[in-house]
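Participant: pasting the sequence and the predicted model now:
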Amino acid sequence: MAGVKAADPFRAVDTALSDAPLAPCAGRTFIVAVGKAAGGMARAALAHYPNPAGVIVVTNYENAAAISGARVFAAGHPVPDENGLKASNAVIDLLAETRDGDRVLVLVSGGGSALLPAPVAGISLVDKAAVNEALLGGGIEITGMNLVRQNLSRLKGGGLARLAAPAQVTALILSDVVGDDLRVIASGPTVSPIGTRAEARKLLQTAGLWDSLPASVKQHLSADASAEALAVTPQNRLMGSNAISVGAMAAVAPQATVWPDPLVGDVAQAAAIVAGCNGAGCWLFGGETTVRISGTGLGGRNQELALRVALLAEELGWQNEWVFLSGGTDGRDGPTDAAGGLVDGGTQTRIRGAGVDPLAALADNDSYTALKAAGDLLMTDATGTNVADLQVLIRT
């Protein structure tokens, strides 16, 4: 919880604007907030700039709440929906009002890629959702996923900044991406793109996803096109990140060992890293793993990581007491109501005692059912922020 608190969106924006206020402008101020932390970020910005010309907030359903003076849109995540398309069109219409001398304050947090779908001409929302579902189940890391998303969007990969021109753009960014590549966070609405259509096409082909994509998507990505330059250079400022949250965890657990590298990549490999922590102690991790979906079950990367660690601990014969937590800082892991899993030495016994085979559940990507049977789901409700995942292992 110390890690989640360190990513508090209101405090992050309030501190950023107090320490370095926006430069005065001759024109009007517009505010666009997008992501799972958009609500808190927008409230802080409005406390500093209470009379903007227009404010749009786009967040997920769990975090949506009315904000005085703002148009708030609740939209689908992780798969985009019709409400997200309506929100995208509202943002595009707002940006069309800007002129020279105005400024746009953009508040960016994780989840923005799905929440703000603005498909390019010729691609429908249904097609865009199909791409998202393929990417989510394809075991592709977030940089690759957002490379594809950018090349299918009018707002991603700097698209928002292009539409805001000639107004000056400042973005305050809360990172949910390991390594904090600004091009990747929410697919970089105010940053130059990750890569080209050709690179996106090659990634999809290599991952074995290309043939299953809608024809309109394949046609668009097969057309040669160079990346469009930004007409105005935005000021992009990072305010919070996974690494900062891991540091906050370490501050309240000084006896713990902070794992030197983020837990990224295949969830099975990440589980092996956690299970390799030998002896008594406390270890802290942060990162974002990937899961290749081959089954029909329900779960998320944190739940699967927790279940895999429990299975490995049993296999390795851990004798003393231990506990492992893996959770998404946004309070939601995959398409479930759980934030992740909290497992211990009795997890497997409880799962089997409830009549569930943990190995079969894992093979079916059904970690939610297995952990629910054990009473080991991590339930937090939506936290209002999002800086990827945090993990804690304690062994006695």
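Facilitator: Received the coordinates, thanks.

Participant: and residue 390, that one's in a strand?
Facilitator: Yes: judged by DSSP: H, G, I helix; E, B strand; the rest coil, residue 390 forms part of a strand.

Participant: show the contacting residues for it.
Facilitator: Residue 390 sits next to 3-4, 242, 245-246, 249, 284-286, 325-327, 329 when contact means Cβ atoms under 8 Å, 6 or more residues apart in numbering. Where C-beta positions appear, they are placed from N, C-alpha and C, glycine not excepted.

Participant: so what pairs up with it in the strands?
Facilitator: Note on residue 390: beta-bridge partners by DSSP bridges are residue 286, residue 327.

Participant: how near is it to residue 128?
Facilitator: 30 Å (Cβ to Cβ, to the nearest Å).

Participant: next one: residue 29
Facilitator: Separation of residue 29 from residue 128 (Cβ to Cβ) stands at 31 Å.

Participant: do residue 154 as well
Facilitator: Distance of residue 154 to residue 128, given as Cβ to Cβ: 11 Å.

Participant: neighbour-wise, which of those two wins?
Facilitator: Counted by other Cβ atoms under 10 Å, residue 154 and residue 128 do not tie: residue 128 has more neighbours, with 25 against 19.

Participant: for that one, helix, strand, or coil?
Facilitator: Assignment for residue 128 (three-state DSSP): helix.

Participant: return the per-residue confidence for the spatially most central residue of the chain.
Facilitator: Compute the mean C-alpha point of the chain, and by Cα atoms, centre = their mean the closest residue is residue 110, 3.9 Å away. pLDDT for residue 110: 91.

Participant: backbone dihedrals for it, please?
Facilitator: Note on residue 110: backbone dihedrals following degrees, to the nearest 10 are phi -60, psi 150.

Participant: just checking, it touches residue 174?
Facilitator: Yes: in this structure residue 110 lies within contact range of residue 174 using Cβ atoms under 8 Å: 7.1 Å.

Participant: returning to what we had before: turn the contacts of residue 390 into TSV, including distance to residue 294.
Facilitator: Output for these, formatted as TSV (distance: Cβ to Cβ, whole Å):
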residue	distance to residue 294
3	31
4	31
242	27
245	31
246	31
249	33
284	31
285	25
286	27
325	26
326	21
327	24
329	27
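
Participant: can you tell me which of these has the most neighbours?
Facilitator: Highest count within those by other Cβ under 10 Å belongs to residue 326, 34 neighbours.

Participant: contact partners for that one?
Facilitator: So residue 326 contacts 302, 303, 305, 306, 309, 340, 341, 378, 389, 390, 391 (Cβ under 8 Å, 6+ apart).

Participant: same check, this time on residue 145
Facilitator: By Cβ under 8 Å, 6+ apart, residue 145 lies in contact with 113, 135, 136.

Participant: was I right to think the second one contacts residue 147?
Facilitator: The one in question is residue 135. No: Residue 135 sits out of contact with residue 147 when judged by Cβ under 8 Å, with a separation of 9.9 Å.

Participant: and these two? Which one has more around it.
Facilitator: Neighbour comparison, residue 135 and residue 147: the larger count goes to residue 147, with 27 against 24 (by other Cβ under 10 Å).

Participant: doesn't residue 188 make contact with the more buried one?
Facilitator: No: using Cβ under 8 Å, residue 147 is not in contact with residue 188, being 10.0 Å away.
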